[in-house]
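# take this sequence and fold it.
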Amino acid sequence: MHVGMTMTFQNPGKPISDHQMYKNELKLADLAEPLGFDSIWGIEHHFTDYICNPDVTQFLTYMAGRTEKILLGSSVLVLPWHDPMWMAEKISMLDNISDGRVILGIGRGAGKVEFDGYRLDMGESRERFVEAAKIILPGLERGYLEHDGKFFKQERAEIRPAPFKSFRGRTYAAAVSPESAKIMAELGIGLLIIPQKPWADVERELTEYHQIFRDVNGLEAPQPLQFAWTFCDEDKDRAYEKAVEFIGGYYKTVLDHYQFAADHMKTMKGYEWYGKFADRIQKTGEQAYVDYFLDLQCWGTPEMCIEKILEVQLRVNSCGFVAALSYSGMSLEEGERNTRLFAEKVMPAIQAFDAGGAVDGSAQSVAAQ
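Predicted coordinates:
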């Protein structure tokens, strides 16, 4: 089973300078390949201290130059915020520089502050995402972009450096709402599963996703990748205490950045599922959802973490697990301890598990039995 590590570049409340935060995060990122992780990931976000990584491809290009074989994942590049030609060039350039090590993750975004900052109508995000994906993904296969659509118009132009390797089977997307999962199936894209709703709902939506994928594409969908905010400690009580502090603290930054409890989600086109989510938060209170999110993530002793990861794998038939190991203002020392313990005691057991697939397009999954 593939095991990755994602960098968050969080600086909630800005207790240290962003410069120092970057130095700390990059020091941890340098551990990924020596410790044996299969991939390293970056997450695109803008304008707040939630996640300070406005250019994932730039970060991954930096990591490409500092590594030899580790795969480079984007979780995710938010297509509605960018010009498709510019995005295709950056993706192809990174893949050329890294000798084909890119795992392409894309998404549509859900942060109002980010759509406002880019002067875009958030209610157009789904249409913009689909149109951009239909420009970029075929363009990366044929080597040029050409399109005349509602949001984007592009006269034929070559992608240089030219793509040299297919992105089919190594392209994924985050899909939180059920409608998004259907769209990804129609586009032929794999799924990134980020735990934030009941597993029974996830399993039901995956069944529908797989059926649509087969009907539209004539083959099985790639196995999904599961992500989780992870805290590992030899002491069970300390693991719980710190998970409450850091994973719970992380989800508070999520609620703040995305304004999930605000009323705008209820009337925003394409975000109907989030509107219902906002209703539930307003009724039960934010702390109930912080506690719920904590329960979905991966924390505990090494043995507990292994059990949780494999339990989810059996639910969703994932081919890989990607861990966030430093977040929510965690000190460099705590982040490094967490990372090293996970790599030493958890990762070998997960990598030894035969999940039946691959994240780089070299294998396709079969339907989970």
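
# from here on, contacts and neighbour counts on C-alpha atoms
Fine.

# show me the strands in the stretch 201-350 of the chain, by range?
In order along the chain, the stretch 201-350 of the chain carries the following strands (DSSP state E, counting those that start in this stretch): 225-232, 298-300, 320-324.

# got these as TSV, with mean neighbour count and distance to Gln287 columns?
As requested, the strands of the stretch 201-350 of the chain are exported to TSV (neighbours: other C-alpha atoms under 10 Å; distance: least, C-alpha to C-alpha, whole Å):
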stretch	mean neighbour count	distance to Gln287
strand 225-232	25	17
strand 298-300	26	18
strand 320-324	24	21
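
# for Lys345, find the nearest of these.
Among those, strand 225-232 comes nearest to Lys345, with 9.3 Å by C-alpha to C-alpha.

# could you dump that closest one to CSV, C-alpha only?
The C-alpha trace of strand 225-232 is given here as CSV (Å, rounded to 0.1, in the frame of the first residue of the first chain):
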residue,chain,number,x,y,z
LEU,A,225,-6.5,7.5,-1.9
GLN,A,226,-7.4,8.1,1.7
PHE,A,227,-6.0,11.1,3.6
ALA,A,228,-6.1,11.7,7.4
TRP,A,229,-4.8,14.1,10.0
THR,A,230,-2.5,11.8,12.0
PHE,A,231,-1.0,11.9,15.5
CYS,A,232,1.0,9.0,16.8
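
# residues in contact with Arg156?
By C-alpha atoms under 8 Å, 6 or more residues apart in numbering, Arg156 lies in contact with Tyr144, Leu145, Glu146, His147.

# which SS class is it?
Secondary structure, DSSP: H, G, I helix; E, B strand; the rest coil: Arg156 is strand.

# ok, the one 5 residues further on next?
Secondary structure assignment for Pro161 (three-state DSSP): coil.

# burial measure for it, as a count.
Using other C-alpha atoms under 10 Å, the number of residues around Pro161 comes to 16.

# show me the contacts for the nearest residue to it once chain neighbours are set aside.
Spatially, and ignoring its direct neighbours in sequence, Pro161 is nearest to Met93 (5.8 Å; C-alpha to C-alpha, 6 or more residues apart in numbering). Going by C-alpha under 8 Å, 6+ apart, Met93 touches Arg160, Pro161, Ala162, Pro163.

# sec struct for the closest residue to the last one other than its chain neighbours, please.
What sits nearest to Pro163 in space, not counting adjacent residues and going by C-alpha to C-alpha, 6+ apart, is Ser92, at 5.3 Å. Taken by three-state DSSP, the conformation at Ser92 corresponds to helix.

# for the chain, what's the longest helix?
Looking across the chain with DSSP state H, the single longest helix is helix 236-258.

# which helices and strands sit right next to that helix?
If you count contacts as 3 or more C-alpha pairs under 8 Å, 6 or more residues apart in numbering; DSSP states H and E, helix 236-258 packs onto helix 112-117, strand 225-232, helix 286-296, strand 298-300.

# redo those as TSV? Include distance to Tyr251 and mean pLDDT.
Shown next, in TSV, are the helices and strands packed on helix 236-258 (distance: least, C-alpha to C-alpha, whole Å; pLDDT from 0 to 100):
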stretch	distance to Tyr251	mean pLDDT
helix 112-117	17	98
strand 225-232	10	98
helix 286-296	6	95
strand 298-300	14	98
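
# reformat the ones you listed as JSON lines; add distance to Lys197.
Converted to JSON lines, those look like this (distance: least, C-alpha to C-alpha, whole Å):
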{"stretch": "helix 112-117", "distance to Lys197": "21"}
{"stretch": "strand 225-232", "distance to Lys197": "13"}
{"stretch": "helix 286-296", "distance to Lys197": "8"}
{"stretch": "strand 298-300", "distance to Lys197": "14"}
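
# rewinding a little: Throw the contacts of Met93 into JSON lines and include distance to Glu220 and pLDDT, thanks.
JSON lines is the format used below for those (distance: C-alpha to C-alpha, whole Å; pLDDT from 0 to 100):
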{"residue": "Arg160", "distance to Glu220": "31", "pLDDT": "98"}
{"residue": "Pro161", "distance to Glu220": "31", "pLDDT": "98"}
{"residue": "Ala162", "distance to Glu220": "28", "pLDDT": "98"}
{"residue": "Pro163", "distance to Glu220": "25", "pLDDT": "98"}
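
# among those, who's most crowded?
Neighbour max across the contacts of Met93 (other C-alpha under 10 Å) = Pro163, 24 neighbours.

# so what's that residue up against?
Here Pro163 is in contact with Ser92, Met93, Asp95, Asn96, Leu140, Glu141, Gly143 (criterion: C-alpha under 8 Å, 6+ apart).

# repeat that for Ile281.
Ile281 touches Phe260, Ala261, Ala288, Tyr289, counting by C-alpha under 8 Å, 6+ apart.

# number of nearby residues for the third one?
Ala288 sits with 13 neighbouring residues when counted by other C-alpha under 10 Å.

# look up how far Lys236 lies from the residue nearest to it when sequence neighbours are not counted.
Leaving aside its chain neighbours, Ala288 sits nearest to Ile281 (7.9 Å; criterion: C-alpha to C-alpha, 6+ apart). Remark: distance between Ile281 and Lys236 (C-alpha to C-alpha, to the nearest Å) = 29 Å.

# just give me how far the one helix or strand Gly105 maps to sits from the chain centre.
Here Gly105 sits within strand 102-107, counting by DSSP states H and E. For strand 102-107, the gap between its own C-alpha mean and the chain's C-alpha mean amounts to 8 Å (C-alpha atoms, centre = their mean, to the nearest Å).

# from the contact counts, what lies against it?
Packed next to strand 102-107, using 3+ C-alpha pairs under 8 Å, 6+ apart, are strand 71-74, strand 77-78, helix 84-97, strand 171-174.

# ok so, going back, contacting residues around the residue nearest to Pro163?
Contacts were defined as C-alpha under 8 Å, 6+ apart; by that measure Ser92 touches Leu140, Ile159, Arg160, Pro161, Ala162, Pro163.
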